[in-house]
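> quick check, what structure comes out for this input:
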Amino acid sequence: MSGMFDALEVRGVSFKNRIAVSPMSQYRAKDGLANDWHLVHLGRFALGGAGLVFAEATAVEEAGRRTHGDLGLWEDRQIEPLLPVTKFIAAEGAIPGIQLGHAGRKASERRPWHGETPVDELDIHERNEAPWTAMAPSSIPYADGWPAPIEMSETDIETTLLAFKSAARRSKEAGFKVIEIYAAHGFLVHQFLSSISNQRTDKWGGNAERRRRFAVEVARAVRSDWPEEYPLIFRLSATDWLEGGLEVEEVIETARVLAAEGVDMIDCSSGGIGGRERPRRMKIEQGFQVPFAARIRKEARIATMAVGFLWDATACQAVIENGHADMIAMARELLDDPNWPLHAAALLGEDTDYAMWHEEFGYWLDKRDRLTRKLGLR
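This next block holds a predicted model:
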């Protein structure tokens, strides 16, 4: 029986524990280029004890950005600024990962604190940020008030697949050892998978097999330029939570197909395909998506990552011990406490003397604890 602090081997990569830092968009890039913000933001999670640290959703095409502040790997000049980030993460004992994606019909969006609505003339005036035209499987707007995207042509699709392949090569050159494909939360790959957003009648739409064709081709494109010894993960929405949308049974079959294409793990999330309102069927509570990870793991026979409203160390340990998932992923909890993995290790009795901490921290914290206990202060 494995626990959260046991090592995990996937292909040729060894994770020191089962804790992953979810991709968290920061919207601080300019022209897709990383900067010191990304080094410090991601570096602190490596110092905090996570086994896998994902950089944020990174656009494979300039037109596939969600916002003007997105990271990108659509051109070679975006490789070099990421090298200090991956070098630091690896040097501090974590595995650097990157999430590659394309926003599809959700492109040309304002940052969340600017309204999370389509970019328009106001953004040109206030931030010198102009809107651009979005593409999608079908010309269906993301939500009320959003412009209709252009339906992708066969050439557009082939160009985007090549962009994923090129971004995989750039990810390798930038020092990443794990790629996650963003196929959830209403982004382009998810848009192809869901009948809510994909109403094509050609080979890229229609029944479930044709709707998953784009995801399969993305997996093939990435695997063709990604080292055999490096893991490939897909983040999937296990359900759309909407009538007529994806249900977990179809996603299980998608996971089976992707596994046959060299995908090693499914990061099991849900929702996000249409509009900004939470679907009525979605009941949010701690670990509410864990059952999806457990079922996909069992029925598709592929490793899974559980994510979403996870914060209790004991509950996270149980997810791994009970075989519901192979890794757990956290985002906002780690924003609040980047040292959560180390604190969890202490709580679970895995580390009682700060031995898991970097000695530059652990030595002083252990010394303080011994002194305060001796003096009866704590």
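> the biggest helix by length in the chain: which residues count as buried?
Criterion DSSP state H: the longest helix present in the chain is helix 154-173. The neighbour-count check on helix 154-173 (16 or more other CB atoms under 10 Å) flags 157, 160-161, 163-172 as buried. In short, each C-beta sits where N, CA and C put it, glycine included.
> and which of those is nearest to residue 200?
Here the nearest of the buried residues of helix 154-173 to residue 200, counting by CB to CB, is residue 157; it sits at 10.1 Å.
> next one: that closest one from residue 170, what distance?
20 Å (CB to CB, to the nearest Å).
> so where's the stretch 151-300 of the chain shaky on pLDDT?
276-278, 280 (pLDDT under 70).
> ranges for the helices of it?
All helices of the stretch 151-300 of the chain, identified by DSSP state H, counting those that start in this stretch, fall at 154-173, 188-193, 208-211, 213-223, 248-260, 290-300.
> okay, these in CSV with distance to residue 43 next?
What follows is those, written out as CSV (distance: least, CB to CB, whole Å):
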stretch, distance to residue 43
helix 154-173, 18
helix 188-193, 29
helix 208-211, 39
helix 213-223, 26
helix 248-260, 31
helix 290-300, 28
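> relative to residue 360, which of the ones you listed is closest?
helix 154-173 (30.0 Å).
> mind giving me the packing neighbours of that closest one?
When contacts are defined as 3 or more CB pairs under 8 Å, 6 or more residues apart in numbering; DSSP states H and E, helix 154-173 packs onto strand 95-101, strand 178-183, helix 213-223.
> packing partners for the second one?
Put plainly, it is strand 178-183. So strand 178-183, by 3+ CB pairs under 8 Å, 6+ apart, packs with strand 52-59, strand 95-101, helix 154-173, helix 188-193, helix 213-223, strand 232-237.
> for those, which one sits closest to residue 361?
strand 52-59 (17.4 Å).
> what residues of that closest one count as buried?
Under 16+ other CB under 10 Å, the buried positions of strand 52-59 are 52, 53, 54, 55, 56, 57, 58, 59.
> before we move on, the earlier item: so which of the buried residues of helix 154-173 comes closest to residue 77?
For the buried residues of helix 154-173, the nearest to residue 77 is residue 170 (10.0 Å; CB to CB).
> pretty sure that closest one is touching residue 78, no?
Yes. Taking CB atoms under 8 Å as the contact criterion, residue 170 and residue 78 are neighbours in contact, 7.0 Å apart.
> number of nearby residues for residue 7?
11 (other CB atoms under 10 Å).
> one step back: could the buried residues of helix 154-173 go into TSV alongside distance to residue 299?
Putting the buried residues of helix 154-173 into TSV (distance: CB to CB, whole Å) gives the following:
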residue	distance to residue 299
157	30
160	30
161	28
163	32
164	27
165	30
166	34
167	31
168	28
169	33
170	34
171	30
172	32
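> closest one of the residues you listed to residue 338?
residue 171 (23.6 Å).
> any idea what sits nearest that closest one, other than its immediate chain neighbours?
residue 98 (5.2 Å; CB to CB, 6 or more residues apart in numbering).
> check residue 224 too.
Residue 224 sits nearest to residue 165 (CB to CB, 6+ apart), 6.1 Å away.
> contact partners for the one you found?
221, 222, 224, 225 (CB atoms under 8 Å, 6 or more residues apart in numbering).
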